[in-house]
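Asks: any chance you could fold what I've pasted below:
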Amino acid sequence: MNKVAEGYLNPAGKSFAVGLGSNWYNTAAVHKTWGFDITIGAGAVQAPSSDQTFSLLGLTNLVPANSSITQAPSFTGSGDGVLLNLMQPKTINGKANPLFPGKITSFTTPSGVSKNVPTASIQFTIGLPIINDLSIRLVPTVKVNGYEASIWGVGIKHNIKQWIPVVKDLPFDAALLLAYSKFDMKYSFPEESRITPDKLVSGGSVSYIPDPNSNDYTTQGMKVSAASKTVNLIFSKKILFVTPFIGFGVTQSDFTLTMVGNFPTLGETVQSGTSYKVQIKNEVDPINLAPPSETMTNATLGLRLKLAFFTLHAQYAFQKYPVASAGFGVTFR
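Replies: The predicted model follows:
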């Protein structure tokens, strides 16, 4: 089950973490001291084709109902999920399983949602002495329909051109940007989505024996954390009210996903007369995905328009997980 969960969710987690590191800048120019702007941005992270499906090969006790199917769509894929059969193990605790090779239950993997994972940001930037621009992203904890989420981030953009003789007098801007952002989310499963013993055991000649320790499954939910670190070298040139810009950088992103709470699992099968019963064994926080960090280089092209105090911008980051984004803001430079 862990392999299925990781295969389905891993691309979405990576895409979302990459999105945290996007849209931090729309010009290499820095503010004058105490100048500031507020910018709202939105975009989409595109998962590569290799992450739009995951392999079903090598699963233990899980087999596709159609043996010719070897892949299923991930969150960032497309199409319907694949029907899987959970089969009885050959042995349990070293003893022959009397129900082998019977089927315990069936379930369908989730369908693909979209190869484009949305990203959004609200950013406040202020000009400070020496370090130039300080950018802050902050969304306090929001609780809606079982979800609890928060985002924060901080970035520094420094005018490096001022320190290079001759170059500092040339008619363009150049800056170095360092930024870090963090996202945390908790989700409590509604009653209809909770995994309970009756959903694991299909009935018929097989029933189950409850775990003697606990039958409370109301604590089930999911916890996601994602983080992104990015460093970028930016160049731009203002031409009247238009500023084309280009950036070169490295972004490192990571995420973790944990299924939290009390979950039932299938234990030993015992015979009771002519029928069989499966012992339910509860596990706490049974799934914990923490894939390796994703580090990728990127090149970003963009265009910024400034009309009085208002700005509009659009940009595209060329990288393993490409990001297209846009935004608007109010600026007093």
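
Asks: drop to CA atoms for contacts and neighbour counts, all remaining ones
Replies: Noted.

Asks: which SS class is Gly19?
Replies: Under DSSP: H, G, I helix; E, B strand; the rest coil, Gly19 falls in the helix class.

Asks: is it true that it touches Thr119?
Replies: Yes: here Gly19 reaches Thr119: they are 5.5 Å apart, a contact under C-alpha atoms under 8 Å.

Asks: tell me the residues that contact both of the two, please.
Replies: Listed contacts common to Gly19 and Thr119 are Ala44, Val45; contacts here mean C-alpha atoms under 8 Å, 6 or more residues apart in numbering.

Asks: ok, those two, which is more surrounded?
Replies: Neighbour tally, Gly19 and Thr119, criterion other C-alpha atoms under 10 Å: the higher count belongs to Gly19, 30 against 22.

Asks: tell me the confidence at that one?
Replies: For Gly19, the pLDDT comes out at 89.

Asks: so how far is Thr295 from it?
Replies: Distance from Gly19 to Thr295, counting by C-alpha to C-alpha, to the nearest Å: 13 Å.

Asks: likewise Asp285?
Replies: The gap separating Asp285 from Thr295 is 28 Å, by C-alpha to C-alpha.

Asks: ok, now which ones touch Val284?
Replies: With contact set as C-alpha under 8 Å, 6+ apart, Val284 has these partners: Val260, Gly261, Asn262, Phe263.

Asks: so what pLDDT did the third one get?
Replies: At Asn262, the pLDDT value in this model is 92.

Asks: quick check: it touching Ile287?
Replies: No: when contacts are counted by C-alpha under 8 Å, Asn262 is not listed as touching Ile287 (11.1 Å).

Asks: who has more neighbours, those two?
Replies: When Asn262 and Ile287 are compared for neighbours, Asn262 comes out ahead with 22 against 18, by other C-alpha under 10 Å.

Asks: ok, and the closest non-adjacent residue to the more buried one?
Replies: Val284 (4.6 Å; C-alpha to C-alpha, 6 or more residues apart in numbering).

Asks: Provide the backbone phi and psi angles at the one you found.
Replies: In terms of degrees, to the nearest 10, the main-chain angles of Val284 are phi -100, psi 130.

Asks: how much space between it and Ser78?
Replies: Separation of Val284 from Ser78 (C-alpha to C-alpha): 32 Å.

Asks: now the longest strand anywhere in the chain: how far from the chain's centre is it?
Replies: Secondary structure of the chain read by DSSP state E shows that its longest strand is strand 242-260. Relative to the centre of its chain, strand 242-260 is centred 11 Å away, using C-alpha atoms, centre = their mean, to the nearest Å.

Asks: what residues are up against the nearest residue to Val167 once chain neighbours are set aside?
Replies: Once flanking residues are discounted, Val167 sits nearest to Lys161: 6.5 Å by C-alpha to C-alpha, 6+ apart. Contact analysis of Lys161 by C-alpha under 8 Å, 6+ apart lists Val167, Lys168, Asp173, Ala174, Ala175.

Asks: swap in 10 Å and give it another go.
Replies: For Lys161, the contact set (C-alpha atoms under 10 Å, 6 or more residues apart in numbering) comprises Val167, Lys168, Asp169, Leu170, Phe172, Asp173, Ala174, Ala175, Leu176, Phe235.

Asks: quick check on these: which are buried?
Replies: Taking 16 or more other C-alpha atoms under 10 Å as the criterion, what is buried in those is Asp173, Ala174, Ala175, Leu176, Phe235.

Asks: what about the fourth one, distance to Ile246?
Replies: Taking C-alpha to C-alpha as the measure, Leu176 and Ile246 are separated by 12 Å.

Asks: what about the contacts of Val284, which one has the most neighbours?
Replies: Counting neighbours by other C-alpha under 10 Å, Phe263 leads these with 26 neighbours.

Asks: now do the helix or strand encompassing that residue: which elements does it pack against?
Replies: Assigned by DSSP states H and E, Phe263 belongs to strand 262-272. Secondary-structure packing of strand 262-272 (3 or more C-alpha pairs under 10 Å, 6 or more residues apart in numbering; DSSP states H and E): strand 91-92, helix 197-200, strand 206-209, strand 275-284.

Asks: neighbours of Gly267, how many?
Replies: So Gly267, with other C-alpha under 10 Å, has 17 neighbours.

Asks: once you drop chain neighbours, what's closest to it?
Replies: Excluding its sequence neighbours, the residue lying closest to Gly267 (C-alpha to C-alpha, 6+ apart) is Gln279, at 4.9 Å.

Asks: surely that neighbour is in contact with Leu200?
Replies: No: using C-alpha atoms under 10 Å as the test, Gln279 is too far from Leu200 to be in contact (11.3 Å).
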